[in-house]
Structures are given as C-alpha cells and as structure tokens.
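Asks: Please work out how this folds:
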Amino acid sequence: MNFTIKRTIYCGELRASDIGTEVSVCGWVQKQRDLGGIIFIDLRDRTGIVQLAFDENTKESVKEVASRARSEYVLAAKGIVRERASKNSNIPTGEVEIFVTAIEQLGISETPPFEIVEKCKANEELRMKYRYLDLRRPDVMNNILFRHKVAKITRDYFDENGFIEIETPILIKSTPEGARDYLVPSRIHKGSFYALPQSPQLYKQLSMVAGFDRYMQIARCFRDEDLRADRQPEFTQIDFEMSFVDIDDILTMAEGYVVRLFKEALNVDISLPIPRYTYHEVMERFGSDKPDLRYGMELINISDIVAGCGFSVFTDAVAGGSIRAINAKGLGDKLTRKELDRLTEFAKGIGSKGLAWIRNTEQGISSSFGKYMTEAEMQTIIERTNCEKGDTILIIADKNNSHVLSQLGKLRVEVANRTDVERKGYEFLWVVEMPFFDYDEELGEFVAMHHPFTAPLDECIDMLDTDKSNVRAKAYDLVLNGIELSSGSIRITDPTLQNKIFSLLGLIDEEAKKKFGYLIDAFRFGPPPHGGMGLGLDRLVMQMLGCESLRDVIAYPKMQNAMELMTNCPSEVPKAALADIGMKIVKEKG
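Replies: All right, here's what the predicted structure looks like:
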C-alpha cells in the first residue's frame, strides 16, 4: 500500500515543547471516542500514546476516516501539536494533543481476542497463541525494549574493554554438558547428527588458543530439559573468555559490567566489591548455593544443645548428621499451627522426616518437642537462635548433614514465599571454591560437578586421588536475589592434569579423544592460561525488571511443555522430509 504521510516523530515522544509544530505520527488505535462533532483517538506505537483531536474545524474527509477507526486499526496522521484542554497526568504526552489536518487508514483489524492493555487478565495460553498481539501490550513491549537496551550496554562495555565478538556455530558436535542435547540429523551424512550448543564452551576456549585473547558473544544456547519459571529450552547467554588472567581478573571484569549495566539501565548503584562466599559457607549459612540475601533466616546449628535430650529424632541425627534451625523472625502471627502443619508436609515432601518447631508468643513458649527438653536446654536454643516474642523457630534433623542443609535451605525459601517476606533491592554475591566432585548416592561414586575442563585449586591437586570430597574447583557463580545468573571457571591447559581429570571422571583416552579430540589437539599448540563465564541474559533481565517468568522477557517463548503455541511447534513433518535424512517414525507399541 502506498501512503503519503511519513512519520516524523514517535507518539510517545511529544511534549509541551513541541506545541505549535507540525508532526506526523503512525500507529495503532488504542481507543476512539466520538462525542458528536468532536472525535478523539488515542494512537499508540512502541513509545507510548498520544491523543489525536478532530473538531468542527477539521475537514470532513479527515473526520470521516477518524469516525471509522476502531481498536487496532493502523493510522498515519499529520497535524499541529497543541495544548490539551483536559490534561492527562498518567501519560508522558498528557499535556498535548495533535490537531489532525491529514489522516490515512493503513490497515484494519478484527476485534482482538483480548484487550491490548497493561496487566491484561487474559490467560497465558491465549496470549501466547496470539503472541504478536500480546507483544503490543505496553508492559510486554517495554520488557523487550529494555532487553534490547541491556544487550546494547553489554556490547558497548565489552567492546570498550577490548573484547572481540565472535560468533560460534549453532550446528556442532554433540558433547556432554550436563543436559540433553537437541539433535539435528544430517541429510548429507545419513545416520549422523549435529547438536545445538548448550553453550559455546569449547569454541570460546579454542578462540583463546587462536590468540584472540578476549572473546565475548551474546550467544543462543539450547538444552533439552524440563522447563520451569527461570528455564527455557532455548536461551541467551552473555558469554566471555579471557587469556592470561586469574579468578580475580574475571570477577572484577564481571563486576564492572554489573555496575555499568544497572546504572545505565535502571539508574541503580551496585556497591563494589560484590561479597564473596565459599560454597561451604553459603551452604552452612543458607542451605543453598544460590541464596537470597535480602532476608535473614540463616541456618543455626543446635546439635550440641539437643545431643543429650530424650527426643530420638534429634539424638539419632547427631551421629554423622546434625540438627539445625532457622528463626522466622517476626512471623509468628503468620505461622499459625495450621500453617506449621502445612510446612511440615512441605518438609516431608522434600525428603525430611518431619519438622520440629518452637513458637514464642505473648502466652509464652510452646514447642512440638518441649516435653523432651529441660527448661535450660530450651532456653539455650532460644538464646542461640535469638528467638524473641513473635518469632518461630523451625528445626530439621537428619543423619546426613548435607540433607539437613539442603532441606532447611528449601524450607527457608518456602517460608519467605508463604509469608511474603519483604524482598527489595538487588543483592549480589559470588559463590567461590565450588566442590570439584559431587557424590552421587545412587551410583555410589563421585561424579563431575562441572565440565571436564574446569581446573581444581592448586592446593587441591594432590587430593584428587585421596580426598575427592574436599577437592575444590577454580569455579565461581554469580547470584542475584536467589537466582544463579552465571557460572564460570579457570580452565585446565596442562595436558597431564587434563588426562588425570579425564581418568577420574571415567573417560578413557579413546573416549576422551572421541568427544573432545579437537580441543585436546589444540592444546598441543601453546594454549594460554584462560578462563571465563556465561551470564544468563534472560535471567538477568527478568531479575532487573522483577518479572516472575522468563516468558515475560523473551519475545517468542515456549510454554512449560516446550510448545510454542503461536506456530504450534514442534510439529510433524512430511514423510518425504524424513526420508531425505534417512529416518522414519516408529510408533511405540502399546
């Protein structure tokens, strides 16, 4: 369609300083109000809304087009900016309007399946089916515009710090990364498959070998795993790698990025340095390797106090395990007996044998296990946990100390969620000295906690054969408000150490060469010491905006069943397409 009115300014940019100027705007009709002789149209584009005005001085041909306009019609309008008689303080353009002298109808619209407004009450499935309409809603559109701003600041920061943006392949060799690969069959090499990258890990290390020294990429990544609010099958990662550095250099670079991003995008000052906690410390204090520091309820060990009491749940746990508590401070009125029963069921659901509690109310101290305790023992618990009037102490015991920490950490989060504990601001922390191995109770052996190129701490190398449980890695996570934003590590470049790690992880030489041969070969030719990390862009934006789901900050997300409702994918393909790649669908029997 040819049209003659070309935009000179966006709708949301007009201000009182523009009064008297001629402008042209384009957009969608938010609302049309025909008052008989006077017509107002709220015209919307990605920047906001401006009022178009038509009155007795408007040409009839122009007014006729305005009278036909309905919600979501597409218009172009030219006119003079003037002061509004009835101002609207709720929108930035509320002091002005455009007296329209020319107008063109560029498109018509059926009645949308839901209203194009902020905080739309339509269910998510309907909005995702018509995602292109959902994206017109100002709150969703602003999320995507904010994401663009974050990406631009990201590129600017790393460029100014000497990083080279290098695109790595999307079709790669399948390698173990901790989750299932998405596989892509090859038409030319029938029976062989590409994988979609879970991360650009090996390619960014190869870029260090190639001598680029500082690499970054806003990379698309893919993982075939169960979805949740902060997880999507395809996601975006701010990926960077540096040569000739140690952990401090990498963390300092990331901290500079965080400070720059939050200041420019939100005008929020992030204090430096970001606090660092060892993995052991965060587990002991918060029961989680990604704790939310915006509220208390730290874990308190009371094993020594109850070791000799007559309560078998506690006394049985002391040998090899522990008894720990959290103080739900000031939440006594919310943690009623009925709510404590619900929390007990929650605790059982996460593997605990039960939940013990103490309530400190105006009526005195009450407890689920008080009859087994002396007055002195109970008073000691009260003092150690700093339990005051209005507080409730929650206690978990287990013969396995790691179970106690993990379960009480989950309970801490559950209590905060159920009682709407105040959580304001942005609390970052680094988790460092991560365990190198993780003990798999089902397999009865130690397995890798990170990818196999993660370096152990120098002082732990001699412990690789003798004390796997205490080997720590040159690995680190960045956590914000209880969400893991990134993980990274210093990489192994010593062939002897790398072969040792492969062996400990059960990768024999032949298997290691088959999976990682190209990287092993590259490391024969002078690899520099290097390390890096990847920050989840989607999670970062979600946290900055205070959104509840990644779907709120991704233009075209998948639902929890990994479906995209708008295009209805994944979908079946013609048999001929399967034949081209040497495949056919075999239905399961039964």
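
Asks: Quick one: residues in contact with the lowest-mean-pLDDT helix or strand in the chain.
Replies: Within the chain, no helix or strand scores below strand 445-448, which has a mean of 78 by mean pLDDT, DSSP states H and E. Strand 445-448 is touched from outside by 436-440, 468-469, 505, with contacts defined as Cβ atoms under 8 Å, 6 or more residues apart in numbering. The C-beta positions use only the backbone N, C-alpha and C, and glycine is treated the same way.

Asks: Let's see that with 10 Å instead.
Replies: 176, 178, 435-440, 454, 468-469, 471, 473, 501, 504-507 (Cβ atoms under 10 Å, 6 or more residues apart in numbering).

Asks: Equivalent analysis for stretch 576-590, please.
Replies: 184-193, 572-575.

Asks: same thing but 7 Å
Replies: 185-187, 190-191 (Cβ atoms under 7 Å, 6 or more residues apart in numbering).

Asks: and what of stretch 529-540?
Replies: Under the contact criterion Cβ under 7 Å, 6+ apart, stretch 529-540 has outside partners 150, 199, 204-205, 208, 218, 230, 232, 235-245, 250, 254, 478, 483, 485-491, 493, 550, 553-554.

Asks: I'd like to know which of the contacts of strand 445-448 are buried.
Replies: 435-437, 454, 468, 471, 473, 501, 504, 507 (16 or more other Cβ atoms under 10 Å).

Asks: quick check, nearest of these to Val50?
Replies: Distance to Val50 across the buried ones among the contacts of strand 445-448 (Cβ to Cβ) is lowest for Thr454, with 54.4 Å.

Asks: List the residues that contact the closest one.
Replies: Counted by Cβ under 7 Å, 6+ apart, Thr454 has contacts 473-475, 489, 491.

Asks: before we move on, what about Phe146?
Replies: Counted by Cβ under 7 Å, 6+ apart, Phe146 has contacts 265, 541, 545.

Asks: Kindly confirm my reading that it forms part of a helix.
Replies: Yes: applying DSSP: H, G, I helix; E, B strand; the rest coil, one finds Phe146 inside a helix.

Asks: what's the spacing between it and Cys221?
Replies: 21 Å (Cβ to Cβ, to the nearest Å).

Asks: what about this protein, any weak spots by pLDDT?
Replies: 1, 176-178, 590 (pLDDT under 70).

Asks: Show the contacting residues for Thr175.
Replies: Thr175 neighbours (Cβ under 7 Å, 6+ apart): 202, 515-516.

Asks: likewise Tyr215?
Replies: With Cβ under 7 Å, 6+ apart, Tyr215 has these contacts: 163-164, 166, 204, 207, 240-241.

Asks: Show me what it is bridged to.
Replies: For Tyr215, the beta-bridge partners are Ile164, Glu241 (DSSP bridges).

Asks: Can you show me the helices along the stretch 201-350 of the chain?
Replies: Using DSSP state H, counting those that start in this stretch, the helices found in the stretch 201-350 of the chain span residues 201-209, 247-266, 279-286, 303-306, 312-318, 337-349.

Asks: Pipe the ones you listed into JSON lines and attach mean neighbour count per row.
Replies: Formatted as JSON lines, the helices of the stretch 201-350 of the chain follow (neighbours: other Cβ atoms under 10 Å):
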{"stretch": "helix 201-209", "mean neighbour count": "22"}
{"stretch": "helix 247-266", "mean neighbour count": "17"}
{"stretch": "helix 279-286", "mean neighbour count": "18"}
{"stretch": "helix 303-306", "mean neighbour count": "19"}
{"stretch": "helix 312-318", "mean neighbour count": "18"}
{"stretch": "helix 337-349", "mean neighbour count": "14"}
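
Asks: Could you dump the ones you listed into CSV with distance to Gly107 added?
Replies: CSV is the format used below for these (distance: least, Cβ to Cβ, whole Å):
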stretch, distance to Gly107
helix 201-209, 44
helix 247-266, 33
helix 279-286, 54
helix 303-306, 70
helix 312-318, 69
helix 337-349, 52
